[in-house]
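Enquirer: Return atomic coordinates for the entry below.
(chains A and B)
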Protein chains: 2
Amino acid sequence: MEKVNMTPGKLKGLMRLADKEGKFRMLAIDQRGSLKRMLARATGKSSEEIGYRDLALAKRLVTEYLSPYFSATLMDPQFGVPESLKYLDKQSGLLIAREKSGTEAAGYNNREKKTVLLDGWSVEKIKRAGADAAKLLLYYRPDSSPEIKEYQENIVRQVGEECKKYDLPFVLEPVGYAFKDDEPGTDSPEFARKKPEIVLDITKEFSKEEYGVDILKLEFPVNLKFVEEFHKGYFDGKERKAVYTLKDAEDACFEITKASRVPWVILSAGVDIKEFVYNVEIASKEGASGFLAGRAVWKEFTKYYPNEEDMIAWLKTSGVTNYYRLYEASKEATPFYENKQFKSFANIIVKNKGENWYKEF
Amino acid sequence: MEKVNMTPGKLKGLMRLADKEGKFRMLAIDQRGSLKRMLARATGKSSEEIGYRDLALAKRLVTEYLSPYFSATLMDPQFGVPESLKYLDKQSGLLIAREKSGTEAAGYNNREKKTVLLDGWSVEKIKRAGADAAKLLLYYRPDSSPEIKEYQENIVRQVGEECKKYDLPFVLEPVGYAFKDDEPGTDSPEFARKKPEIVLDITKEFSKEEYGVDILKLEFPVNLKFVEEFHKGYFDGKERKAVYTLKDAEDACFEITKASRVPWVILSAGVDIKEFVYNVEIASKEGASGFLAGRAVWKEFTKYYPNEEDMIAWLKTSGVTNYYRLYEASKEATPFYENKQFKSFANIIVKNKGENWYKEF
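Expert: This next block holds a predicted model:
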């Protein structure tokens, strides 16, 4: 079989992100705005009253008690790395976010979104800090205004090039959103109907080699709250219109696998663990290489804030249990090296293999 | 207690080199010249007949079968990284050598040694390749000719500065050698007598902040073949003169611990595993933070070359057993974060801790 060249930084990075089964079972604790709101809610304060200490503590506890289980941990450089880094378990790979939290309103009716890179931060710094990958969150609609589309695509290209330069895996998280007149919001049957196509088109776009993406972190391509089997409030008690079936969800995941040039993982986007387990199970059966899960894993623990003892107790019990639920749900995930890019572990060679590769590296 | 600032790359690197007990239980397979000679001996060939394939295979097998046990693995960039990197176990940290194999004869009677950096290789590349540390082997005598001394010290300073620039731990391996008229060789009572002082002076020199060393990889400061208790051929059947006692060995290790600014580990320098277990046990009790062991761990397996099946069988049995012997022998080693530099894990903070550290990083 034909060999596939890889550079050592990218190869070692991917291996550090995956577990020994070659599957990505990763934890995200890089939330900033959404975590702030959760901690505010728990304490009856406003988001503005939640400061550095609050965020840093919550992130540190999640890192300390959950990173021993997950194959990698995604941190933000502002509130995560400075306090959490030393609590990262040795076996857990490290991803660091490149973007600033939140987006800039732009384009059509000011409802489109532009990504803002974090000022004073860079892929060079992410590599220097010892990370195994850089992650970029990107709100994106393939059918958005041409100038917004171009702007967003350029950011991806830029980060992709920097990741190549520093030989660091690039995890891109492109997320769809509602902005058109016929889209009341993401929790609407109208948007739910469009979602499979949006996620598929996103996958096709960022599978292009020019972006230099190594892992796609994707939304589940259907909204399970709108499937025939669950629409009567199975997940959150709220009844919604049925716009598709579980079979459609499977098909949509399989289409993504066919369209994606690189290994892909499922993101949790704030859904509850119950729903996320279904996401992971279906996606894994249809070719995903695992998950990168944030709030679905730990969001309940914020309710105990600021009671540190109770927060820790929750993480050590329910938090760990959530890992095992996701581990089971991803049993059939595709090891990254069995992705179509590589086909098998045996095919991977370090670029310019041979005695003199290091001179050309 | 006063906090100790660390940069994230250095902190994460050290944590990746250590195991969960904070101890360095590391494997070296960066040998080039000495491995070549061993493989030649096994096959009855000359060293020149041993090529890239032979070295790369031997290194790959050691990495594949032993890196799952050791807390980190040291590779060379020529024959190691290109073939072995993908076989490095996820939990094992990665060190890569900076120097070229062998030294340049120079100075007094041409018996002094100058380190040669590997051309076309750099700390920047070591970092880019995904390593957790750079390692430099340095033949050094504190009492050598001033120009050789300066030359060697400058190389250390240079590598130390580059490691700072790329925020990568720097493991320095300064090794004494015999070159004076009254030194017939390292296996002589004359040299054995001098050894404690040589190793101690080396420790003092490279503990200076200006070199930027993070871990000292040191020789055992006495030659156990010359101690009262073992001199009658206990290790290799050859009787030698007794020039000191086991108590002197303990004292010499303790002096090193007092003199070293940074955590230090014991190197194996080709001694047999039986002797090395004593080295590790004594050094660990007297304050070392573990070991970085090469030939003592795996040298026997080269005798089976080129029978791959037998080589693997040896590694999976005796090789693994050697790890466990060294694990036991290093039970009392000092976790790196309890070294005097840090005093305790609690004292370590990421440099410029706080919300804006990342801007200044």
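Enquirer: what's around the residue nearest to A:Glu173 when sequence neighbours are not counted, how many residues?
Expert: Nearest non-adjacent residue to A:Glu173, counting by C-beta to C-beta, 6 or more residues apart in numbering or on different chains: A:Lys217, 4.0 Å away. For the C-beta atoms, the positions are set from N, CA and C on the backbone; glycine is no exception. Using other C-beta atoms under 10 Å in any protein chain shown, A:Lys217 has 25 other residues around it.
Enquirer: cool, the one 5 residues further on as well?
Expert: Under the neighbour criterion other C-beta under 10 Å, A:Val222 is assigned a count of 25.
Enquirer: again, but for the one 10 residues further on
Expert: By the criterion of other C-beta under 10 Å, A:Lys232 has 12 neighbours.
Enquirer: Would you mind naming the residues that bridge with the residue nearest to A:Glu173?
Expert: For A:Lys217, the beta-bridge partners are A:Val265 (DSSP bridges).
Enquirer: hang on, it packs against A:Phe170?
Expert: No - counting by C-beta atoms under 8 Å, A:Lys217 stays clear of A:Phe170, with 10.7 Å between them.
Enquirer: what about stretch A:333-350, near chain B?
Expert: Yes - using C-beta under 8 Å from any C-beta of the partner chain, stretch A:333-350 reaches chain B at A:345, A:348-350.
Enquirer: Next, give phi and psi for whichever residue of the stretch 201-350 of chain A sits closest to chain B.
Expert: The stretch 201-350 of chain A approaches chain B most closely through A:Val350 (4.6 Å), counting by C-beta to the nearest C-beta. Phi and psi for A:Val350, reported as degrees, to the nearest 10, are phi -80, psi 130.
Enquirer: quick one, what contacts it?
Expert: By C-beta atoms under 8 Å, 6 or more residues apart in numbering or on different chains, the contact list for A:Val350 reads A:5-8, A:11, A:357, B:81-83, B:85-86.
Enquirer: so how far is B:Arg60 from it?
Expert: Note on A:Val350: its distance to B:Arg60, by C-beta to C-beta, to the nearest Å, is 11 Å.
Enquirer: residues shared between the contacts of those two?
Expert: Common neighbours of A:Val350 and B:Arg60 (criterion: C-beta under 8 Å, 6+ apart): B:Glu83.
Enquirer: Mind naming the longest helix for chain A?
Expert: Identified as the longest helix of chain A according to DSSP state H is helix A:146-165.
Enquirer: Would you tell me what the next helix or strand after that one is?
Expert: Per DSSP states H and E, the first helix or strand lying C-terminal to helix A:146-165 is strand A:170-175.
Enquirer: hey, where'd the strands end up in the stretch 201-350 of chain A?
Expert: A:215-218, A:264-267, A:290-293, A:348-350 (DSSP state E, counting those that start in this stretch).
Enquirer: Which residues does the second one contact?
Expert: Around strand A:264-267, the neighbours that count as contacts under C-beta under 8 Å, 6+ apart are A:24, A:26, A:28, A:173, A:175, A:203, A:215-220, A:256-257, A:276, A:279-280, A:283, A:287-294.
Enquirer: okay, it in CSV with CA atoms only?
Expert: C-alpha atoms of strand A:264-267 as CSV (Å, rounded to 0.1, in the frame of the first residue of the first chain):
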residue,chain,number,x,y,z
TRP,A,264,-13.5,14.2,12.4
VAL,A,265,-14.9,14.4,16.0
ILE,A,266,-18.2,15.5,17.4
LEU,A,267,-18.6,18.6,19.6
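Enquirer: what's across from the residue of the stretch 201-350 of chain A closest to chain B in the sheet?
Expert: Beta-bridge partners, per DSSP bridges, of A:Val350: A:Met6.
Enquirer: Next, find the distance separating it from B:Leu85.
Expert: 6 Å.
Enquirer: Which neighbours do these two have in common?
Expert: A:8, A:11.
Enquirer: residues near the closest residue to chain B within the stretch 251-361 of chain A, how many?
Expert: Nearest residue of the stretch 251-361 of chain A to chain B: A:Lys359, at 3.6 Å (C-beta to the nearest C-beta). A:Lys359 has 14 neighbouring residues, counting by other C-beta under 10 Å.
Enquirer: do A:Ser260 as well
Expert: Residues within reach of A:Ser260, counting by other C-beta under 10 Å, total 24.
Enquirer: isn't it right up against A:Leu200?
Expert: No - using C-beta under 8 Å, A:Ser260 is not in contact with A:Leu200; the gap is 9.6 Å.
Enquirer: Quick check, A:Pro169 in contact with A:Lys135.
Expert: No - using C-beta under 8 Å, A:Pro169 makes no contact with A:Lys135, being 9.4 Å away.
Enquirer: What ranges does the stretch 201-350 of chain A have for its helices?
Expert: Here the stretch 201-350 of chain A has its helices, by DSSP state H, counting those that start in this stretch, at A:246-259, A:273-285, A:295-298, A:308-314, A:320-329.
Enquirer: got those helices as TSV, with mean neighbour count, mean pLDDT and distance to A:Tyr108 columns?
Expert: Listed next are the helices of the stretch 201-350 of chain A as TSV, based on neighbours: other C-beta atoms under 10 Å in any protein chain shown; pLDDT from 0 to 100; distance: least, C-beta to C-beta, whole Å:
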stretch	mean neighbour count	mean pLDDT	distance to A:Tyr108
helix A:246-259	18	98	26
helix A:273-285	22	98	29
helix A:295-298	26	97	28
helix A:308-314	15	98	41
helix A:320-329	18	98	37
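Enquirer: what does the stretch 1-150 of chain A put close to chain B?
Expert: Counting by C-beta under 8 Å from any C-beta, the residues of the stretch 1-150 of chain A close to chain B are A:7-9, A:11-13, A:15-16, A:18-20, A:52, A:77-79, A:81-83, A:85-86, A:88, A:90-91, A:94, A:118-121, A:125, A:127-130, A:132.
Enquirer: how near is the residue nearest to A:Lys331 when sequence neighbours are not counted to A:Pro335?
Expert: Spatially, and ignoring its direct neighbours in sequence, A:Lys331 is nearest to A:Ser284 (7.0 Å; C-beta to C-beta, 6+ apart). Shown here: A:Ser284 relative to A:Pro335, a distance of 11 Å by C-beta to C-beta.
Enquirer: What is the neighbour count of A:Lys303?
Expert: Neighbour count of A:Lys303, defined by other C-beta under 10 Å: 14.
Enquirer: What of A:Glu49?
Expert: A count of nearby residues for A:Glu49, using other C-beta under 10 Å, gives 12.
Enquirer: from memory it sits against A:Ala40, does it?
Expert: Yes - shown here, A:Glu49 and A:Ala40 form a contact pair, counting by C-beta under 8 Å, at 6.8 Å.
Enquirer: circling back: please verify my assumption that the residue nearest to A:Lys331 contacts A:Glu332.
Expert: Yes - taking C-beta under 8 Å as the definition, A:Ser284 is a contact partner of A:Glu332 at 4.8 Å.
Enquirer: Tell me which of the helices of the stretch 201-350 of chain A lies nearest to A:His231.
Expert: A:His231 lies closest to helix A:246-259 among the helices of the stretch 201-350 of chain A, at 11.0 Å (C-beta to C-beta).
Enquirer: A strand includes A:Gly102, no?
Expert: Yes - if the criterion is DSSP: H, G, I helix; E, B strand; the rest coil, then A:Gly102 is within a strand.
Enquirer: How much space separates it from A:Glu147?
Expert: Taking C-beta to C-beta as the measure, A:Gly102 falls 20 Å from A:Glu147.
Enquirer: do the same with A:Asn279
Expert: Look at A:Asn279 and A:Glu147: by C-beta to C-beta, they are 33 Å apart.
Enquirer: same check, this time on A:Leu267
Expert: Using C-beta to C-beta, we find A:Leu267 at a distance of 27 Å from A:Glu147.
Enquirer: Which one of those two is surrounded by more residues?
Expert: Remark: of A:Leu267 and A:Glu147, A:Leu267 carries more neighbours, 24 against 12, as counted by other C-beta under 10 Å.
Enquirer: which residues does A:Leu136 contact?
Expert: Contact analysis of A:Leu136 by C-beta under 8 Å, 6+ apart lists A:97-99, A:115, A:155-156, A:159, A:170-173.
Enquirer: circling back: filter the residues of the stretch 1-150 of chain A next to chain B down to just the buried residues.
Expert: Buried members of the residues of the stretch 1-150 of chain A next to chain B, counted by 16 or more other C-beta atoms under 10 Å in any protein chain shown: A:7-9, A:11-13, A:15-16, A:18-19, A:77-79, A:81-83, A:85-86, A:88, A:90-91, A:94, A:118, A:121, A:125, A:127-130, A:132.
Enquirer: Many thanks, we can stop here.
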